[in-house]
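**Q** sequence isn't available, so here's the structure alone:
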């Protein structure tokens with residue numbers, strides 16, 4: 001419950017944040033989320049009972065939900081075209097490298113005292129301080145640049161949003177489903193790999209290393225996203241899904257540690273390309289003041305996939321009477337192959353044509 005409750009609460013508050021952003025100042029909303037998140041970090045350090053930890057986890061989910069869509073919303077507000085794509089890539093890379101570093105730090109802190117790993121949740125204090133600089137910078141930029149609406153017209157004068165609410169719902173739903181599917185496919189590396197490694201007679205240190213490689217691989221494409229999309233163009237998502245499928249195959253076909261590591265890297269690279277591209281494509285489904293709300297719906301799929309993944313795997317595993325830990329990887333490999341075929345056949349569609 002401690003691990004799933006934040007994800008459960010993040011989903012509605014991500015969408016609420018996206019909606020509130022239409023009427024509430026972005027920086028004020030961001031600072032509110034950061035304060036709630038930082039407060040949860042303090043309360044974690046002071047908690048000694050399980051019910052207290054559960055309550056604080058719920059509070060952290062609220063704060064996270066308010067913060068999550070605003071970072072990508074700010075990118076869509078200040079950047080256009082290839083520059084925006086590049087920034088989404090960098091944002092994804094920084095997020096994942098921070099996750100790896102935080103995991104390493106909390107591992108060391110846990111050896112000292114079980115409370116200390118929660119100290120990483122105090123990092124938003126730094127962000128709160130930086131948000132005041134961002135607020136001042138935004139006020140200065142308003143005097144120098146055109147409004148966001150004017151920038152959108154300059155970016156693509158032929159772009160027309162078809163939708164009653166300023167959002168092309170059909171295109172948005174397509175992105176949501178594909179992004180949710182992508183997250184579901186790769187999250188089993190984090191959830192199921194430790195059990196598979198145990199079945200392979202490896203220790204927890206080996207599985208920890210593989211998972212770290214996976215998240216580092218997610219980070220890597222973000223630094224070269226424009227170059228990757230420029231090279232792969234309409235086949236970007238096809239090759240990304242193919243990379244995920246091959247990664248899953250390598251994890252299950254051999255018990256060689258280096259091949260399992262390579263599989264984790266390939267799965268991570270595939271997802272590391274898909275994630276920022278999904279955010280960038282979402283900005284083209286809504287009018288400027290609705291972009292953050294559209295991003296909120298897409299980003300909520302990440303947490304929904306994380307919540308549903310164990311239940312999906314358990315359901316099909318029970319239905320097919322399979323007990324091997326390899327099942328999750330074989331099952332998701334088959335789905336990834338089907339998704340790759342779909343991406344190849346529909347490469348000229350809005351969802352899959354990523355040509356800059």
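**A** Good, I have the coordinates. These numbers come from a predicted model, not from an experiment.

**Q** where do the helices sit along the stretch 201-350 of the chain?
**A** Counting by DSSP state H, counting those that start in this stretch, the stretch 201-350 of the chain has helices at residues 204-219, 225-232, 236-253, 257-282, 291-319, 327-345.

**Q** of all those, which one is nearest residue 167?
**A** With C-beta to C-beta as the criterion, residue 167 lies closest to helix 291-319 of the helices of the stretch 201-350 of the chain, at 5.6 Å. For every residue, glycine as well, the C-beta is placed using N, CA and C.

**Q** returning to that earlier point: the helices of the stretch 201-350 of the chain into a markdown table, with extra columns for mean neighbour count?
**A** Compiled in a markdown table, the helices of the stretch 201-350 of the chain are given as follows (neighbours: other C-beta atoms under 10 Å):
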| stretch | mean neighbour count |
| --- | --- |
| helix 204-219 | 20 |
| helix 225-232 | 17 |
| helix 236-253 | 24 |
| helix 257-282 | 24 |
| helix 291-319 | 20 |
| helix 327-345 | 19 |
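
**Q** now those helices in TSV, please, with extra columns for distance to residue 52.
**A** Formatted as TSV, these follow (distance: least, C-beta to C-beta, whole Å):
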stretch	distance to residue 52
helix 204-219	28
helix 225-232	42
helix 236-253	38
helix 257-282	34
helix 291-319	23
helix 327-345	33
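
**Q** any idea which residue sits dead centre in this structure?
**A** Taking C-alpha atoms, centre = their mean, the centroid of the chain lies closest to residue 302, which sits 5.7 Å from it.

**Q** quick one, what contacts it?
**A** 179-180, 183 (C-beta atoms under 8 Å, 6 or more residues apart in numbering).

**Q** if you rank these by neighbours, which is first?
**A** residue 179 (25 neighbours; other C-beta atoms under 10 Å).

**Q** ok, that one to residue 240 distance?
**A** Applying C-beta to C-beta, to the nearest Å, the value for residue 179 to residue 240 is 12 Å.

**Q** for residue 48, same thing?
**A** For residue 48 relative to residue 240 (C-beta to C-beta), the value is 45 Å.

**Q** do residue 332 as well
**A** 14 Å.

**Q** what's the answer for residue 20, then?
**A** Counting by C-beta to C-beta - residue 20 and residue 240 are separated by 33 Å.

**Q** now swap in residue 223 and tell me
**A** For residue 223, the distance to residue 240 (C-beta to C-beta) stands at 16 Å.

**Q** and the strands in the stretch 51-200 of the chain?
**A** With DSSP state E, counting those that start in this stretch applied, the stretch 51-200 of the chain shows no strands anywhere along its length.
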